[in-house]
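Peer 1: Dropping the sequence and predicted coords here.
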Amino acid sequence: MDDQELMRRAVELARLSLGETSPNPNVGAVIAAPDGTVVGEGRTAPAGGPHAEVRALEQAGERARGATAYVTLEPCNHTGRTGPCTQALIRAGVTRVVAGVRDPNPVAAGGVEALRAAGLAVEIGTVLPDEARDAMAGWLTAVTRGTPYVIWKFAATLDGRSAAADGTSKWITSPEAREDVHRLRAGVDAIIAGGGTVLADDPQLTVRLPDRRARPLRVVVEGSRSTPGGSKVLDDSAPTWVVTGEGGRVALQPMLHELYRRGVRTALLEGGPTLAGAFLAEGLVDRVVAYLAPKLLGAGPAALGAAGISTISEALTFDVVDLARIGPDVRLTATVKGV
């Protein structure tokens with residue numbers, strides 16, 4: 001296997017850790033012998049557990065001596081709950097490190113310099129850096145600015161309706177799309193919904209997949225009406241934080257700062273059109289995942305409410321990064337330009 005194939009595998013491992021590692025980054029690592037044979041793989045364990053490099057080195061054992069390590073993020077150079085990965089790589093006898101992107105966290109940075117000072121050959125940002133960055137986009141963005149990376153998810157008909165004129169909305173999309181949403185939920189640290197959505201739909205906002213036990217924090221942004229005591233979102237299947245504000249309005253930016261302080265690095269916005277519009281109006285959405293059903297309603301509530309846009313020149317512009325068929329539906333993923 002060549003450098004690109006080995007880094008691509010490290011990226012796959014990083015994606016497998018989405019939603020499991022916060023507040024640490026979801027890193028993937030591969031240890032390869034000089035002939036390109038994989039001798040060890042690892043991905044970051046939940047907080048407090050070993051980092052990706054350490055797990056890959058444990059699997060490689062003595063075969064790590066003289067090998068190359070492929071890591072999606074610059075190896076850390078500090079002691080937190082675990083020791084520095086740079087020293088683990090040096091002790092194992094690795095002679096070359098290929099890293100996807102630099103670590104933006106000043107506390108953990110400096111790994112490249114430490115490795116080079118120990119005589120290791122280090123390359124960073126030369127092999128699939130965009131893929132590595134996309135796999136860790138949530139953590140990289142959050143740690144840079146101090147607020148979670150926000151993904152707005154919505155389901156709509158081809159004419160942009162989130163429900164029919166009579167208010168019915170079950171089900172706009174297919175069972176396959178709804179299962180895909182659960183996988184999306186499993187990859188985040190928090191799920192945000194508005195009080196109106198909780199009152200209207202009584203959602204549980206949990207991950208229901210047989211192969212995942214993720215329990216993202218449920219965040220209810222209350223309006224002027226309180227969440228009823230018997231709401232599913234208040235059950236014991238996952239932790240819940242109910243956020244209230246003065247005059248029935250929650251200050252979103254301070255709420256996101258508090259979520260970051262609580263260890264949330266990625267959040268899925270599942271609120272209705274009003275809350276989504278408020279997030280977009282304040283520039284708080286980083287990625288959009290839209291599930292579009294091949295249906296037309298012609299009337300009914302739109303998927304997005306007022307977002308502070310009054311003319312076409314003010315339209316928010318996104319880059320489409322993925323388009324996939326999910327059952328009979330289409331999933332479109334787009335990121336804000338520049339993110």
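Peer 2: Right, received. Where do you want to start? Quick caveat, the model's predicted, so the values are computed rather than measured.
Peer 1: downstream neighbour of the helix or strand of the chain with the lowest mean pLDDT in the secondary structure list?
Peer 2: Every helix and strand in the chain was compared by mean pLDDT, DSSP states H and E; the lowest is helix 195-201, with a mean of 88. The element immediately downstream of helix 195-201 (helix or strand, assigned by DSSP states H and E) is strand 217-221.
Peer 1: partners of that following strand, with directions?
Peer 2: Paired with strand 217-221 in the same sheet, following DSSP bridges, are strand 190-194 (parallel), strand 240-243 (parallel).
Peer 1: residues in contact with Val97?
Peer 2: 68-69, 71, 75, 89, 115, 120-123 (C-beta atoms under 8 Å, 6 or more residues apart in numbering). From N, CA and C alone the C-beta is placed, and that goes for glycine too.
Peer 1: now those as TSV including distance to Asp211?
Peer 2: TSV is the format used below for those (distance: C-beta to C-beta, whole Å):
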residue	distance to Asp211
Thr68	32
Ala69	28
Val71	26
Pro75	30
Leu89	31
Leu115	36
Leu120	37
Ala121	39
Val122	36
Glu123	35
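Peer 1: quick one: which of those residues is most hemmed in?
Peer 2: Counting neighbours by other C-beta atoms under 10 Å, the top entry in the contacts of Val97 is Ala69, with 32 neighbours.
Peer 1: before we move on, the earlier item: return the subset of the contacts of Val97 lying in helices.
Peer 2: 89, 115 (DSSP state H).
Peer 1: Just the contacts of Val97: which are in strands?
Peer 2: Among the contacts of Val97, DSSP state E puts 68-69, 71, 121-123 in strands.
Peer 1: all helices in the stretch 201-339 of the chain, in order from the N-terminus.
Peer 2: 252-261, 273-281 (DSSP state H, counting those that start in this stretch).
Peer 1: quick one, which of these is packed in tightest?
Peer 2: When these are scored by mean count of other C-beta atoms under 10 Å, the highest mean neighbour count falls to helix 273-281 (a mean of 20).
Peer 1: before we move on, back to that, from the ones in strands among the contacts of Val97, pick the one nearest Gly28.
Peer 2: Among the ones in strands among the contacts of Val97, Val71 lies closest to Gly28 (C-beta to C-beta), at 7.5 Å.
Peer 1: Now do the contacts for that closest one.
Peer 2: Val71 touches 10, 27-30, 52-53, 97-100, counting by C-beta under 8 Å, 6+ apart.
Peer 1: 10 Å instead, please
Peer 2: Val71 makes contacts with 7, 10, 13-14, 27-31, 42, 51-53, 56, 85, 89, 97-101, 111, 124, 132, as judged by C-beta atoms under 10 Å, 6 or more residues apart in numbering.
Peer 1: Go through the residues you listed and flag which are in helices.
Peer 2: Those of those lying in helices (DSSP H): 7, 10, 13-14, 52-53, 56, 85, 89, 111, 132.
Peer 1: Most widely separated two among the residues you listed?
Peer 2: Pairwise over the ones in helices among the contacts of Val71, using C-beta to C-beta, the maximum falls at Leu13 and Gly111, 18.3 Å.
Peer 1: And the two? Which one has more around it.
Peer 2: Shown here are Leu13 and Gly111; by other C-beta under 10 Å, Gly111 has more neighbours (27 against 24).
Peer 1: buried sites along the least confident helix or strand of the chain?
Peer 2: Of the residues in helix 195-201, 195-198, 201 count as buried by neighbour count, 16 or more other C-beta atoms under 10 Å.
Peer 1: between these, which is closest to Gly36?
Peer 2: Thr197 (50.3 Å).
Peer 1: Surely that closest one and Val220 touch.
Peer 2: Yes - with contact defined as C-beta atoms under 10 Å, Thr197 reaches Val220; the gap is 8.7 Å.
Peer 1: overlap in contacts of those two?
Peer 2: 205, 233, 271.
Peer 1: mind listing what the first one touches?
Peer 2: Pointing back at Leu205 there. 185, 190-193, 197-198, 216-220, 232-233, 237-238, 240, 268, 270.
Peer 1: got TSV for the ones in strands among the contacts of Val97, with distance to Met136 and pLDDT too?
Peer 2: Shown next, in TSV, are these (distance: C-beta to C-beta, whole Å; pLDDT from 0 to 100):
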residue	distance to Met136	pLDDT
Thr68	20	98
Ala69	17	98
Val71	11	98
Ala121	23	97
Val122	19	97
Glu123	18	97
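Peer 1: right, and the pair among the residues you listed with maximum separation?
Peer 2: Val71 and Ala121 (13.7 Å).
Peer 1: Kindly confirm whether my reading is correct that Gly42 touches Ala64.
Peer 2: No - when contacts are counted by C-beta under 10 Å, Gly42 is not listed as touching Ala64 (11.3 Å).
Peer 1: Now for those two: what residues contact both?
Peer 2: With C-beta under 10 Å, 6+ apart as the test, Gly42 and Ala64 both reach 31, 56-58.
Peer 1: which of the residues you listed has the most neighbours?
Peer 2: Of the shared contacts of Gly42 and Ala64, with other C-beta under 10 Å as the count, Ala56 tops at 34 neighbours.
Peer 1: This completes my enquiry, with thanks.
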